[in-house]
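**Student:** Here is my input; please provide its structure:
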Amino acid sequence: MGAYRDGKPNWCDSGFYPVLDRLISENGTLHSKLLGIVASQDIQFHSQSDDPVTTVMSTKLVTAPAGTTLAEANEVFRSSKKGKLPIVDKNGSLVSLLSRNDLMKNIHYPLASKVQPKQLICAAAVSTHDADKFRLQKLVDVALDLVVVDCSQGHSTYQISMIKYIKENFPQLDVIAGNIVTREQAAALIAAGADGLRIGMGSGSACITQEVMAVGRPRAAAVRSVSSFAARFGVPCIADGGVSNLGHIVKGLPLGASAVMMGGLLAGTTETPGDYFVSNEGQLVKTYRGMGSIAVMEDKSKVGDNAGTARYFSENDKVKVVQGVAGSAIDRGSINQFVPYFVAGVQYSLQNIGVRSLDALHDGVNHGQVRFEMRSASAMTENNVHGIYSYEKNIYSS
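**Tutor:** Predicted coordinates:
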């Protein structure tokens, strides 16, 4: 999203996000006269990169007046075959912007948006440091719905204080707290006001907390113990860490989780952070760094000074105790290839189990209708491909 004035990008005063989406207004802000729109095709083959946007913008715009309903906007999209629809007031000043993609998402994914005004639900993460209270205020000012209090060990006075602060000052915000692995930890965070919990410590693909610190818990045991306790208070849980394939998602859900968190599984996708480079074997890979790695602890360029060490409250320590690794992940293309695969895979798994929904799955486990079983090493071998001379294993079809 971006607005321009005098040929240069103009950012909103908060400094967190650009104001508009390729639209050119007289003052570079909302509620100023709409002048034009710059689309990708307008600049893709334009040879003079120093030209002001006014030389390439389109001025023949299809607009709609303020007060236009979604149904009316959809009809304008249908008749005009445009992808963007600026909403203007009687003076021609920009009020808002509708997108064809937004309307389609509203139809196909109604639970991903607010009831009114049909905007996507927005979440962000903050640390437990006092400095992030200012950042949180700025996020709330731009319609934040959910905040994740990010900490490697969530059962701390710092996190409890932050949760209470958020609930006192922003009661409309849902708060996800963590990470934790025991019922006692869950009880403290729920009492402080947490609306959701992240479960997992030391089980992530780039985490070595259990090895180095001798602290942590197997993800399955932690998820089952904490989620069964949190369910008494109506608090949903996220299984965080150790998800390296579809089967791990399906294992995390019946244990009591309402959702799973994936890091390494999606690390090589186009949309994730990190730089691409070619490995010694000639393969395209992408950097992947654990938050507890020395690379993050010493990196002050990406997310602020001492961002990595601050997560572990060691920014002032002379000796850094590393709890994560930095490495690389093979390029996997766009996440758009993975999400449909995961959704369909979970649906097939629930079908094979014999339940219709996640709630039914949880009920089945709690009432003994869906059961877990210990497996021997031989059973694990039998469970995988065996007895075939050669085969190719593709996890999804593009």
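**Student:** What segments of the stretch 151-300 of the chain are helices?
**Tutor:** Along the stretch 151-300 of the chain, counting by DSSP state H, counting those that start in this stretch, helices occupy 157-169, 183-192, 209-213, 219-230, 246-252, 294-297.
**Student:** I would like the residues contacting the first one, please.
**Tutor:** By Cβ atoms under 8 Å, 6 or more residues apart in numbering, the surrounding residues in contact with helix 157-169 are 126, 128-129, 132-133, 136, 147, 149, 151, 173, 175, 177, 188-189, 192-194, 313. To be clear about C-beta, it is placed using only N, CA and C from the backbone, and glycine gets the same treatment.
**Student:** make it 6 Å
**Tutor:** 128, 149, 151, 173, 175, 177, 192, 193, 194 (Cβ atoms under 6 Å, 6 or more residues apart in numbering).
**Student:** In CSV: the helices of the stretch 151-300 of the chain, plus mean neighbour count, distance to residue 278 and mean pLDDT.
**Tutor:** Output for those, formatted as CSV (neighbours: other Cβ atoms under 10 Å; distance: least, Cβ to Cβ, whole Å; pLDDT from 0 to 100):
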stretch, mean neighbour count, distance to residue 278, mean pLDDT
helix 157-169, 17, 41, 96
helix 183-192, 19, 43, 97
helix 209-213, 16, 30, 79
helix 219-230, 22, 33, 95
helix 246-252, 19, 29, 92
helix 294-297, 20, 19, 68
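**Student:** now the ones you listed in a markdown table, with distance to residue 121?
**Tutor:** Shown next, in a markdown table, are the helices of the stretch 151-300 of the chain (distance: least, Cβ to Cβ, whole Å):
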| stretch | distance to residue 121 |
| --- | --- |
| helix 157-169 | 17 |
| helix 183-192 | 22 |
| helix 209-213 | 31 |
| helix 219-230 | 21 |
| helix 246-252 | 21 |
| helix 294-297 | 28 |
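**Student:** Quote the end-to-end distance of stretch 112-123.
**Tutor:** For stretch 112-123, the separation between the terminal residues is 12 Å (Cα to Cα, to the nearest Å).
**Student:** for the record, mean pLDDT for that stretch?
**Tutor:** Stretch 112-123 shows a mean pLDDT of 75.
**Student:** about what we covered before: of the helices of the stretch 151-300 of the chain, which is nearest residue 93?
**Tutor:** helix 157-169 (33.3 Å; Cβ to Cβ).
**Student:** now the closest one, how far from the centre of its chain.
**Tutor:** Taking Cα atoms, centre = their mean, to the nearest Å, one finds the center of helix 157-169 at 22 Å from the center of the full chain.
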